[in-house]
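Asker: The sequence and its predicted three-dimensional model are supplied below.
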Amino acid sequence: MTDLTTSYPLLTLVPPVLALALVILTRKVLISLGAGVVAAALLVHDLDPLAALLAVWQSFAGIFWADGALNTWSIYILAFLILLGVLAAFILMSGGTTAFAAWALRRIRRRPGSMILPAVLGIVIFIDDYFNALAVGQISRPVTDQHRVSRAKLAYIVDSTSAPVSVLSPFSSWGAYIMGLFAPIVAASALSMSGVQAFLGAAVANFYAIAAVLLVWLVIVFRLDLGPMRKEERRALVDGHPFDPADAVPGQLSDDLPVHDPGSRRALVVPFVLLVAGVFAGIVWTGHTASGSWNPVDILAATDSSAALVVGGLLGLASAVYYYLKNTRGHREFTASTFVSGWVEGAKSMLPAIAILLPAWMLGDLFGQLGTGDYLGRLVEASDISASWLAPVVFLTAAAMAFATGTSWGSFGLLLPIAGGIVNGMDEPALLLPVLGAVLAGSVAGDHASPISDTTILSATGSSCNVITHVVTQLPYVLSSVACATLGYVALAITGSTAVGLAVVALALVAFVLIMRSVTRPLAKAEAPAEAAAAR
């Protein structure tokens, strides 16, 4: 922290509050993130404009070059985005997208079925949240578009089954990182258990992630379209537009690209199967190479998931190009110029996402220098609360921290040692895992709702949904899950039982769904036009 923020630590909250307020008020993400970056840099350097300008440049340059070497993690993430955009372009031009959509439409005959596809894929592809967020939307979008499901609803399903699922699985990139943070905390306690046992004990107390995943299925089954989501769903049903044509939509390919007809399902299925297989193989290969072990936990702890994404992306793109060349051979409209256009338009489709991701990463770096998370962590340490009420307090604090900073992993790293140290100091071993679970839950909740979170941006990108539209339409569902989780942690504080807390979360979810179902009429194709006319 600087002299200014040391004297007035509350100032560390100004940049995130400014960025978030501007995002909500202006719907201009780049301007809002830029304002947050400038404000944070000025505070880091005691309002010195030249030093702040240098800090902004260093934060940007650090995305590509850090510690005297290429920052391969962020470079590989950006490369994977480009690869995914080009892969989608060649799948579209080869006719794979239309062929798969037509095939799925014959077998998935109802809208709920089209939404079950991304919900299932989101749970199956649990290994990494970035990969989940980008791949599930790309695979499911042709099907949900055919059934007039809005891109906002698709992005909500994708986002709610990426990080919330990854954080519940010990055999994921998240699980390995969390178990590494847990190790010294558990070792310093009176508990005697393995890292996996500690993780599973905390996962049971991760009420938000459990509530978020369950709510996805309840939303699909009971057709709950709340607040702004109702507007998006009505447009998709009435006008057949899955998104507002006036919105800037990342990942949306140009309509000028030619599409081969008839296409083949293989032109979509094979590239995505190779993409998934390549990512899994890359995770195992990089993890084993770094750790020298075949133990799954060791592999996941040491893996380079960003490099694995590039491996899968290259395999998928190679097969997509193969099917494009195979299907379009001999067709006059598919020339060398068209082939080049596929590369250019595919890469261009991902530029809006990259343009948002870069300042979001810069903001996270500057928040770290500013000490925003440290300040919130000190508030928890200084609070005079009993051990039993620590779970609801750290849940809400972690949610606020992740929402403001846009990172759940940063909140894990800051709050887990603090919360674990407090519980161990109170000599309350029975409360350790529930409190650690509450930190995980709050961090994921705040990250889930934050417009500056990278997983929020990538979920919108994979679903080709405007980022702010995704944030605004998802927020009622996130807040509902937060409310149910908070009730669960209050019950845990009163009774000391994780099982009772889980039961309260489940009952609260059921009550919420029944109440909303009684006051909001589900949209359907037949009635949506009439409701839209009445609204006008």
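Answerer: Nice, I can see it. Because the structure is predicted, anything quoted here is derived from the model rather than measured.
Asker: Give me the number of neighbouring residues for the closest residue to residue 125 other than its chain neighbours.
Answerer: Distances taken as Cβ to Cβ, 6 or more residues apart in numbering put residue 132 closest to residue 125, at 4.8 Å, once the chain neighbours are dropped. (Each C-beta comes from the backbone N, C-alpha and C, glycine too.) When neighbours are counted by other Cβ atoms under 10 Å, residue 132 registers 29.
Asker: does residue 132 sit in a helix or strand, and which one?
Answerer: Using DSSP states H and E, residue 132 maps to helix 129-146.
Asker: sorry, back to before: pLDDT score for the residue nearest to residue 125?
Answerer: At residue 132, the model reports a pLDDT of 81.
Asker: Wait, it touches residue 126, no?
Answerer: Yes - under the criterion of Cβ atoms under 8 Å, residue 132 makes contact with residue 126 at 7.1 Å.
Asker: got any residues that touch both of those two?
Answerer: Shared contacts of residue 132 and residue 126 (Cβ atoms under 8 Å, 6 or more residues apart in numbering): 165-166.
Asker: Pretty sure residue 210 sits against residue 503.
Answerer: No - using Cβ under 8 Å, residue 210 is not in contact with residue 503; the gap is 11.7 Å.
Asker: Nearest residue to the middle of this structure?
Answerer: The chain has residue 455 as the residue nearest its centroid, 2.8 Å off, counting by Cα atoms, centre = their mean.
Asker: which residues make contact with the helix or strand where it lies from outside it?
Answerer: In this structure, residue 455 sits in helix 454-462 according to DSSP H and E. Outside helix 454-462, the residues within contact range by Cβ under 8 Å, 6+ apart are 81, 84, 129-130, 133-138, 155, 158-159, 162-163, 250-251, 350, 352-353, 356-357, 360-361, 406-408, 447-448, 450, 466-467, 469-471.
Asker: Name the residues that touch the host helix or strand of residue 502?
Answerer: Residue 502 is part of helix 498-519, with elements assigned from DSSP H and E. Outside of helix 498-519, the residues within contact range by Cβ under 8 Å, 6+ apart are 204-205, 207, 210-211, 214-215, 218, 222, 224, 226, 434, 437, 480, 483-485, 487-492, 495.
Asker: In helices, which of those fall?
Answerer: Cross-referencing the contacts of helix 498-519 against helices under DSSP state H gives 204, 207, 210-211, 214-215, 218, 222, 434, 437, 480, 483-485, 487-492, 495.
Asker: Of those residues, which count as buried by neighbour count?
Answerer: 204, 207, 210-211, 214-215, 218, 434, 437, 480, 484-485, 487-492 (16 or more other Cβ atoms under 10 Å).
Asker: Show me what the helix or strand encompassing residue 75 packs onto, helices and strands only.
Answerer: Assigned by DSSP H and E, residue 75 belongs to helix 72-93. Applying 3 or more Cβ pairs under 8 Å, 6 or more residues apart in numbering; DSSP states H and E, one finds that helix 72-93 makes contact with helix 96-107, helix 129-146, helix 266-291, helix 305-328, helix 336-349, helix 351-370.
Asker: quick check: angle from the third one to helix 305-328?
Answerer: Relative orientation of helix 266-291 versus helix 305-328 (axes from the mean of the first three to the mean of the last three Cα atoms, to 10 degrees): 160 degrees.
Asker: give the contact list for the nearest residue to residue 63 once chain neighbours are set aside.
Answerer: If the residues on either side of it in the chain are set aside, residue 63 comes closest to residue 74, at 4.8 Å by Cβ to Cβ, 6+ apart. Contacts were defined as Cβ under 8 Å, 6+ apart; by that measure residue 74 touches 63-64, 306, 361.
Asker: where's residue 74 relative to residue 60, distance?
Answerer: Separation of residue 74 from residue 60 (Cβ to Cβ, to the nearest Å) stands at 11 Å.
Asker: and what of residue 359?
Answerer: For residue 359, the distance to residue 60 equals 8 Å [Cβ to Cβ].
Asker: Among these two, which residue is more densely surrounded?
Answerer: residue 359 (24 against 15).
Asker: Verify the contact between the more buried one and residue 34 for me.
Answerer: Yes - Residue 359 lies in contact with residue 34 (Cβ under 8 Å); the separation is 6.0 Å.
Asker: Give me the pLDDT value at residue 385.
Answerer: On the pLDDT scale, residue 385 gets 76.
Asker: Excluding sequence neighbours, find me the nearest residue to it.
Answerer: Counting by Cβ to Cβ, 6+ apart, residue 393 is the residue found nearest to residue 385 once chain neighbours are left out, at 5.8 Å.
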